[in-house]
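Novice: my questions concern the predicted model and sequence given below.
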Amino acid sequence: MTFFTIVVRSLVRRPVRTGLTLVGISIGIAAVVALVGMAWGYEKSIVRQLDVIGIDVVVSNMSGGLMPKVFDESLEEKIAPLPKVAATTSVLMQMLSIEDAPMMMISGREWGGFTWDKISVIEGRLPHNATERAVVIGRLAAEVLKKKPGDTVQIEADELPVVGIIDGQAVVENGAIILSLNVLQEITLNEGKVNFVDIRVTPGTTKQEVTALCDSIKEIFPEGRAMVASEVVGTSQGFRVARAMSWSTSLLAIIVGVLGVMNTMLMTVFERTHEIGILLAVGWKRRRIMLMVLLESALLGLLGGVLGVALGALGLKILETTPAIRGLLEPDLSPRLLLISIAIAVVVGVISGLYPGWRSSRLSPSLALHG
Amino acid sequence: MITSRLRPLLLASLLGAALIASPVAAQESTPSARELSSQLAAGIQDGASTVRLKIEFRAAATAPNSVLQLAVKSLRTEATTKLTYQVLWPKERKGEGFTLNRSDDSPVTGAVFTPPDSLRPLPPPPAGWQEPVFGSDLSYEDLLDNFFAWEHQSITGTETIDRLPCLILESKPGKNQRSSYSAVRSWIDPKKLVPMRIEKLLASGQVARRIVTTRVAKDDTGRPVASSFSVSRPGHDSLTELEGSSSRHEVTLSEADFTPEALRSPTAKTR
């Protein structure tokens, strides 16, 4: 009988208890996969959106509430002549509850700006010009709102025709309603106001030159901030909160998992006092006894981790299709997340086994043999 | 004497107790009831504003949900409260609305408009203002009242709601303050000055309405506000959920915005 067989046998000997412990760990790991997967997915989607559109620098005033504060659209004219700026375009973004759907992104884009370039129309058409009071809807938003070209959608007090369904190649774009900047400004009573200026820099611009550009914008627009697009996610308060929330909730689930495994391993050690006594009497070193317990709990962690990853992935797939979430989230189920989750489970197993392992290694062979 | 077997259990219990007690221990100096209620009342009496609101309600557990998108105009000062609510969506109810007016020196007035041209004055209190708003669990009185400005305010305890340590503020109307509620208990997050739960009590002590904040967000002025909340009436199956999607304080509203005639132009915008 090998050392590993002894480890496996002791787990198999109590199938119900081992099974229940596995369920406990796997639920904890499933929570990690689901929560962190959602947070990472949203971040990735934003980065992809900026990448797809070709935005290099984003200018906004993030001191507002849900959305950045509006500012005068003339800022774009001041930014455009700055060195290394290849193109600029203004956007007014609003989060509004539309009809009976939850909050949705409404994106008013400057007509002719590069943010319209990468939109591909699946059905219908784009608005004809800057003044056409019409919208195109991302394919996910169209599903949520149950709209098709020819229908109307109500934004604030205005009813606008839907002229097209689009694919923006990122979940944020696909979950949004997009229209001309002038029309959204008029509907939301924000004439002359925007809350983003998106910038494309000239090809070959170095990182230092982009930083210098951001500094120049800061001088023109001291109350706002110019950020390199790839850094928007990292510095956004909302993303940081989402990340912190997902990890802190996961941590709670992990703590519950640690306590569960520790309880199981302690019970195992107490039940096997006699067996451990024999092993010590036949010459097993204390370190080997401790290693046996640690390996058992690590194995529990590994199995629970694999089961948890499967559960979490399944849960995310189900969540993705629920009406409240559909179109808003594109969870990240990357191998990196799955491996991290399994690694966490194994670490949870090892940590949980430390105290029971130490207890078992401290047993006196004579006392253990006498029960 | 503590045995070695009991020691970890004791440590775990102490750790647990410390975790449970920490929110209360972390709480800074408690404001007086008067200070707290004055700050909350001032937050409500914030002048002219417009709000976009989604209201979703069901009359019974098995009944289908009704959803309305509303445009709200309000003018709230210490002496005056004026409100206009108008339905923007769905199409079949677009234009329905009401106005409510209350000031220190005149009785409460109001009117309810149903398109195309039915304009009905709201019966005077108490009958009129206990009518449900658009069939939901809220009454006109709930919209109009600022119980934080009532005469009697007291802090009756603390309780943690959604991991937030809250102060329980009890408000009771004074002799000259008319209300169908005998008291209102509010669970206030003292850091953000946001009520996380409100219970409105009848003279019998029974809870008539329970309002629970489900989301707190910053408004256009950067102030934290309850942006989503649910309203229930204990003993009833009905449930109303409200979700605010935008608010604007830099607006100009006139007396005309709160007259029954204003209800006849449902899409009039406010700057």
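Specialist: Perfect, thanks for sending it.
Novice: the residue in chain B positioned nearest to chain A: neighbour count?
Specialist: Using C-beta to the nearest C-beta, the single residue of chain B nearest to chain A is residue B:218, 3.4 Å away. Glycine gets a C-beta too; all of them are placed from N, C-alpha and C. Residue B:218: 16 surrounding residues under other C-beta atoms under 10 Å in any protein chain shown.
Novice: surely it is in contact with residue B:225?
Specialist: Yes - assessed by C-beta atoms under 8 Å, residue B:218 is found in contact with residue B:225 at 7.3 Å.
Novice: count the neighbours of residue A:266 for me.
Specialist: Neighbour tally, residue A:266, other C-beta under 10 Å: 18.
Novice: likewise for residue A:273?
Specialist: Neighbourhood size, residue A:273 [other C-beta under 10 Å]: 16.
Novice: got any ranges where the stretch 1-150 of chain B has weak pLDDT?
Specialist: Within the stretch 1-150 of chain B, the stretches with pLDDT under 70 are B:1-28.
Novice: now the strand or helix carrying residue B:159, how far from the centre of its chain.
Specialist: Per DSSP states H and E: residue B:159 is located in strand B:152-161. Mean-position distance between strand B:152-161 and its chain equals 17 Å (C-alpha atoms, centre = their mean, to the nearest Å).
Novice: one more: stretch B:29-40?
Specialist: 18 Å.
Novice: please enumerate the helices of the stretch 101-250 of chain B.
Specialist: B:140-144 (DSSP state H, counting those that start in this stretch).
Novice: list the buried ones in the strand holding residue B:159?
Specialist: Neighbour counts over strand B:152-161 (16 or more other C-beta atoms under 10 Å in any protein chain shown) mark B:153, B:155, B:158, B:161 as buried.
Novice: can you tell me the element the residue in the stretch 201-350 of chain A that chain B sits nearest to falls in?
Specialist: Scanning the stretch 201-350 of chain A for the residue nearest chain B gives residue A:259, at 8.7 Å (criterion: C-beta to the nearest C-beta). Using DSSP H and E, residue A:259 maps to helix A:237-271.
Novice: near chain A, which residues of the stretch 101-250 of chain B are found?
Specialist: Within reach of chain A by C-beta under 8 Å from any C-beta of the partner chain, the stretch 101-250 of chain B has these residues: B:217, B:218, B:219, B:220, B:222, B:243, B:245, B:246, B:248.
Novice: which stretches of the stretch 151-300 of chain A have low pLDDT?
Specialist: A:170-171, A:230-239.
Novice: flag every residue of it that's near chain B.
Specialist: Residues of the stretch 151-300 of chain A lying close to chain B by C-beta under 8 Å from any C-beta are A:154, A:156, A:157, A:158, A:159, A:188, A:189.
Novice: what count of nearby residues applies to the residue nearest to the fifth one when sequence neighbours are not counted?
Specialist: For residue A:159, ignoring the flanking residues on the chain, the nearest one in space by C-beta to C-beta, 6 or more residues apart in numbering or on different chains is residue A:152 at 4.8 Å. Residue A:152 has 14 neighbouring residues, counting by other C-beta under 10 Å.
Novice: now the strands for the chain?
Specialist: All of this refers to chain A. Along chain A, counting by DSSP state E, strands occupy A:57-60, A:71-72, A:85-97, A:103-109, A:120-124, A:135-138, A:152-155, A:158-167, A:176-180, A:193-194, A:196-201, A:225-228.
Novice: that was the other one, I meant chain B.
Specialist: Using DSSP E, strands in chain B cover B:47-58, B:66-76, B:80-89, B:97-103, B:106-114, B:118-121, B:152-161, B:164-172, B:183-189, B:194-201, B:207-218, B:224-232, B:239-248.
Novice: outline the domain layout of chain A.
Specialist: Chain A breaks down into these domains under automatic domain parsing: A:3-45+A:239-369, A:63-223.
Novice: what residues does residue 76 make contact with?
Specialist: Going with chain A. Shown in contact with residue A:76 (C-beta atoms under 8 Å, 6 or more residues apart in numbering or on different chains): A:88, A:89, A:90, A:110, A:194, A:197.
Novice: to clarify, I was referring to chain B.
Specialist: B:44, B:45, B:46, B:47, B:49, B:82, B:146.
Novice: try residue A:87
Specialist: Residues in contact with residue A:87 (C-beta under 8 Å, 6+ apart) are A:113, A:114, A:199, A:200.
Novice: not counting its neighbours along the chain, what's nearest the third one?
Specialist: Going back to what we said before, that points to residue A:199. residue A:57 (4.0 Å).
Novice: so what's the one you found bridging to?
Specialist: When bridges are called by DSSP bridges, residue A:57 pairs up with residue A:199, residue A:228.
Novice: distance of it from residue A:78?
Specialist: 14 Å (C-beta to C-beta, to the nearest Å).
Novice: higher neighbour count, those two?
Specialist: Per other C-beta under 10 Å, whichever of residue A:57 and residue A:78 has more neighbours is residue A:57, with 25 against 15.
Novice: looks like that one contacts residue A:213 (just checking).
Specialist: Yes - between residue A:57 and residue A:213 there is a contact under C-beta under 8 Å: 6.6 Å.
Novice: what do these two both touch?
Specialist: With C-beta under 8 Å, 6+ apart, residue A:57 and residue A:213 have common neighbours A:199, A:201, A:226.
Novice: so which of those residues is the most crowded?
Specialist: residue A:199 (28 neighbours).
Novice: I'd like the distance between it and residue A:80.
Specialist: 9 Å.
Novice: shared neighbours, these two?
Specialist: When C-beta under 8 Å, 6+ apart defines a contact, the residues bordering residue A:199 and residue A:80 alike are residue A:88.
Novice: closest to residue A:290 out of the residues of the stretch 151-300 of chain A next to chain B?
Specialist: Nearest to residue A:290 among those is residue A:188, at 66.0 Å by C-beta to C-beta.
Novice: what's the burial count for the closest one?
Specialist: Here the number of neighbours of residue A:188 (other C-beta under 10 Å) works out to 22.
Novice: so who does it touch?
Specialist: Contacts of residue A:188 by C-beta under 8 Å, 6+ apart are A:92, A:94, A:108, A:155, A:156, B:246.
Novice: among the residues you listed, which two are most distant?
Specialist: A:108 and B:246 (13.9 Å).
Novice: have a look at those two and say which one is more surrounded.
Specialist: residue A:108 (28 against 21).
Novice: quick one, helices of chain A?
Specialist: Remark: helices assigned in chain A by DSSP state H are A:3-12, A:15-53, A:75-79, A:139-145, A:171-174, A:181-187, A:207-220, A:229-235, A:237-271, A:273-281, A:286-320, A:335-361, A:365-369.
Novice: the fifth one packs against which elements?
Specialist: Looking back up the chat, that one is helix A:171-174. Applying 3 or more C-beta pairs under 8 Å, 6 or more residues apart in numbering or on different chains; DSSP states H and E, one finds that helix A:171-174 makes contact with helix A:15-53, helix A:139-145, strand A:158-167.
Novice: tell me the strands beside the last one, with direction?
Specialist: Which is strand A:158-167. As defined by DSSP bridges, the strand partners of strand A:158-167 come to strand A:120-124 (antiparallel), strand A:135-138 (parallel), strand A:152-155 (antiparallel).
Novice: go ahead and name everything in contact with the first one.
Specialist: Counting by C-beta under 8 Å, 6+ apart, strand A:120-124 makes contact with A:136, A:139, A:148-150, A:162-169, all of which sit outside it.
Novice: now restrict the contacts of residue B:76 to buried residues only.
Specialist: By 16+ other C-beta under 10 Å, the contacts of residue B:76 give B:45, B:46, B:49, B:82, B:146 as buried.
Novice: which pair of these spans the longest distance?
Specialist: B:49 and B:146 (14.2 Å).
Novice: and residue B:225, how far is that from residue B:244?
Specialist: Using C-beta to C-beta, one obtains 8 Å as the distance from residue B:225 to residue B:244.
Novice: that should have said residue A:319, apologies.
Specialist: 25 Å.
Novice: between those two, which one's more packed in?
Specialist: Neighbour tally, residue A:319 and residue B:244, criterion other C-beta under 10 Å: the higher count belongs to residue B:244, 20 against 16.
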